[in-house]
Every structure is written in C-alpha cells, then in structure tokens.
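> only geometry, no sequence info:
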C-alpha cells in the first residue's frame with residue numbers, strides 16, 4: 001500500500017497540458033476583451049459628466065451630443081458616435097442612452113460579442 005500511495009501523487013502530463021491550455025485560452029480572452037471594456041468606461045464616464053455639467057447654455061439633444069462629441073474626441077472613443085446616442089425627453093430629464101455591441105476577433109472564425117448599455121438622466125434646466 002505504501003508503494004501505491006507514492007504512484008498516485010501529482011498531476012499527469014495530460015492534466016498539466018489541460019490546465020496550461022485553459023490558462024492560455026482565458027489569458028487570450030482577457031487580453032482581447034480588456035480594450036473594449038476600457039472604451040466602455042470612457043463612454044460611461046462621458047455620459048456621467050453630462051449629469052453634472054453646467055457649461056451647457058441650454059440643455060437640448062443637440063447640446064448634449066456636442067458635449068459628448070468633445071468628450072469622445074478627448075478620450076479617443078471610436079466604438080460609438082454621438083449621433084448613435086439616444087436622447088429622449090422623460091419628464092424633467094433627458095434619458096441619454098449609449099447602447100452598442102462590440103465584436104472582438106479571437107482566432108480562426110471565433111469572435112466574442114460584448115453588449116454594452118449605459119443610461120443617465122440629464123436634468124432639462
């Protein structure tokens with residue numbers, strides 16, 4: 001029984017290859033997806049800045065889009081344009097929504113599609 005316990009210790013070569021393959025796959029996935037999430041955070045922060053922005057002389061859909069255009073230019077946002085941002089009146093607010101999909105190529109014919117959706121309420125003062 002002592003000899004049998006010694007033989008059953010550790011992982012096999014196939015087990016190590018499987019673990020290393022999974023680590024490699026998820027590392028590739030993370031490296032390809034991180035830029036999309038960073039760009040989403042730029043879009044989200046531009047929308048959040050609209051809420052507290054006092055530089056708008058008049059809060060209209062056109063003024064909101066111009067402000068977003070400046071923020072997108074500063075942040076090098078290219079995944080969505082200010083024209084694609086939905087600005088809908090809702091009571092005393094404008095609901096400003098950025099909703100888009102980003103597709104990232106992984107390998108071969110395998111892509112990852114990420115859906116992003118951010119809405120803020122901008123006061124109509």
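Received, thanks. In this text, all values refer to a predicted model and were calculated from it rather than measured experimentally.

> so how many other residues sit close to residue 121?
Per other CB atoms under 10 Å, the neighbour tally for residue 121 reads 14. From N, CA and C alone the C-beta is placed, and that goes for glycine too.

> Looks to me like it is in a helix.
No: read with DSSP: H, G, I helix; E, B strand; the rest coil, residue 121 is strand and lies in no helix.

> Just confirm residue 20 is within a helix.
Yes: if the criterion is three-state DSSP, then residue 20 is within a helix.

> Count the residues that sit near it.
If we define neighbours as other CB under 10 Å, then residue 20 has 10 of them.

> Repeat that for residue 101.
The tally of other residues near residue 101 (other CB under 10 Å) stands at 12.

> Quick check: it is in a helix.
No: with three-state DSSP as the criterion, residue 101 is strand rather than part of a helix.

> The residue nearest to it when sequence neighbours are not counted: which element?
Once flanking residues are discounted, residue 101 sits nearest to residue 115: 5.1 Å by CB to CB, 6 or more residues apart in numbering. Element membership for residue 115, per DSSP states H and E: strand 110-123.
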